[in-house]
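Enquirer: Here is a sequence with its predicted model. Questions after.
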There are 2 protein chains.
Amino acid sequence: MEQAENKDELYMRKALYEAEKAAEAGEVPIGAVIVCKDRIISRAHNLTEKLHDVTAHAEMQAITAAADLLGGKYLNDCTLYVTVEPCTMCAGAIGWAQIGRIVYGAADEKRGYHLYAPRALHAKATVTQGVLEPECRKLMQEFFKEKR
Amino acid sequence: MEQAENKDELYMRKALYEAEKAAEAGEVPIGAVIVCKDRIISRAHNLTEKLHDVTAHAEMQAITAAADLLGGKYLNDCTLYVTVEPCTMCAGAIGWAQIGRIVYGAADEKRGYHLYAPRALHAKATVTQGVLEPECRKLMQEFFKEKR
């Protein structure tokens, strides 16, 4: 049990590292990694500002890259680690990709999928929330404090 | 009033043309165009099979291309025409892009956003459904009949 928790924290730190890169680039600091059989197969962070593209969320890019690497559309055996709760769009994409497990850090009370699309994920997907939550949340809070 | 309806049909025919191109390529036959100030600024069809990418829906690509063309993330003054009701993912993207008006042909009773994420669109967005519905639906039905 503790082993599993440590692994989740390990991978969430990788996602946090991606989020920090986003912050440095002036992007909303959200990062994601996708893990398959104990190996990180994609890493991404938010690029909506750089690409002028609302669809360029960390999760979307991580899914596209992972599917490209695996050569298939479905990611049932994969775990997505993302620093903030996915939005409706990303939850829909996670559902289409049939990602088996989702681990996220901080909740998104305003735009999170729990509020707008609670059944968007694949029916068999499991969700773990709150992993490294204080770090994930702090990064977001600091970013938006500076923006104000 | 009739004028407006005719214009919707005109643009929906362009979206249908995209959907037909998808069908010919073995993709789920859904097409989309985005119109801004009476001009089509992007056209796209489903590419999920070709790209092995669940996020490559017609709407997603049309949004990305339109934002790229306009050089900004938001599409408030645009209308999205799509042959089939958007899914949760696409509705989320449509919401982020703040698209002002959405016109679709056939309803998607299984995966449509009305079922999974009814509040995903921008609060001020207006929706028109059922434009060229028989043609849009028929294209989908024929595609899935052949697949069986």
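Expert: Nice, thanks for sending it over.

Enquirer: Enumerate every residue touching residue A:82.
Expert: A:15, A:30, A:31, A:32, A:58, A:59, A:62, A:90, A:102, A:103, A:104, A:105 (C-beta atoms under 8 Å, 6 or more residues apart in numbering or on different chains). For the C-beta atoms, the positions are set from N, CA and C on the backbone; glycine is no exception.

Enquirer: Just the pLDDT at residue A:121, thanks.
Expert: Per-residue confidence for residue A:121 comes out at a pLDDT of 94.

Enquirer: and if you look at residue A:60?
Expert: Residue A:60 carries a pLDDT score of 97 in this model.

Enquirer: ok, and does the one helix or strand it maps to reach over to chain B?
Expert: Assigned by DSSP states H and E, residue A:60 belongs to helix A:58-70. Yes. Part of helix A:58-70 sits near chain B under the criterion C-beta under 8 Å from any C-beta of the partner chain, namely A:60, A:63, A:64, A:67, A:68.

Enquirer: Surely the first one and residue B:55 touch.
Expert: Yes. Using C-beta atoms under 8 Å as the test, residue A:60 is close enough to residue B:55 to be in contact (5.5 Å).

Enquirer: low pLDDT regions in chain A?
Expert: Low-confidence segments of chain A (pLDDT under 70): A:1-5.

Enquirer: quick revisit: partner strands of whichever helix or strand comes after the helix holding residue A:60, with direction?
Expert: Per DSSP H and E, the first helix or strand lying C-terminal to helix A:58-70 is strand A:78-84. Pairing partners of strand A:78-84, with direction, according to DSSP bridges: strand A:31-36 (antiparallel), strand A:101-106 (parallel).

Enquirer: Can you say which of those strands is nearest to residue B:7?
Expert: Between residue B:7 and those, the tightest spacing by C-beta to C-beta is seen for strand A:31-36, at 40.7 Å.

Enquirer: any idea whether residue A:26 is helix, strand or coil?
Expert: With DSSP: H, G, I helix; E, B strand; the rest coil as the basis, residue A:26 sits in coil.

Enquirer: In contact with it, which residues?
Expert: Going by C-beta under 8 Å, 6+ apart, residue A:26 touches residue A:49.

Enquirer: pretty sure residue A:102 is in contact with residue A:90, am I right?
Expert: No. Residue A:102 is not in contact with residue A:90 according to C-beta under 8 Å; the separation is 9.7 Å.

Enquirer: The two: who's more crowded?
Expert: residue A:90 (33 against 24; other C-beta atoms under 10 Å in any protein chain shown).

Enquirer: which residues sit against the one helix or strand the more buried one maps to?
Expert: Using DSSP H and E, residue A:90 sits in helix A:88-96. Residues from elsewhere that reach helix A:88-96, judged by C-beta under 8 Å, 6+ apart: A:55, A:57, A:59-60, A:63, A:73, A:80, A:82, A:86, A:102, A:111, A:113, A:116-117, A:120-122, A:125, B:54-55, B:87-93, B:95-96, B:116-117, B:120.

Enquirer: Centroid-nearest residue for chain A?
Expert: Centroid-nearest residue in chain A: residue A:82, 2.4 Å away (criterion: C-alpha atoms, centre = their mean).

Enquirer: who does the closest residue to that one other than its chain neighbours bridge with?
Expert: Nearest-residue entry for residue A:82: residue A:32, 4.2 Å, with adjacent residues in sequence omitted and distances by C-beta to C-beta, 6 or more residues apart in numbering or on different chains. Note on residue A:32: beta-bridge partners by DSSP bridges are residue A:44, residue A:82.

Enquirer: Residue A:20 versus residue A:32, what's the distance?
Expert: In this view, residue A:32 and residue A:20 are 13 Å apart by C-beta to C-beta, to the nearest Å.

Enquirer: Same drill for the two, tell me which one is more crowded.
Expert: Neighbour tally, residue A:32 and residue A:20, criterion other C-beta under 10 Å: the higher count belongs to residue A:32, 30 against 16.

Enquirer: thinking again about what came up before, neighbour count for residue A:60 and residue B:55, which is higher?
Expert: For residue A:60 versus residue B:55, the count of surrounding residues by other C-beta under 10 Å is larger for residue A:60: 30 against 27.

Enquirer: Can you give me every residue that contacts that one?
Expert: A:89, A:90, A:93, B:55.
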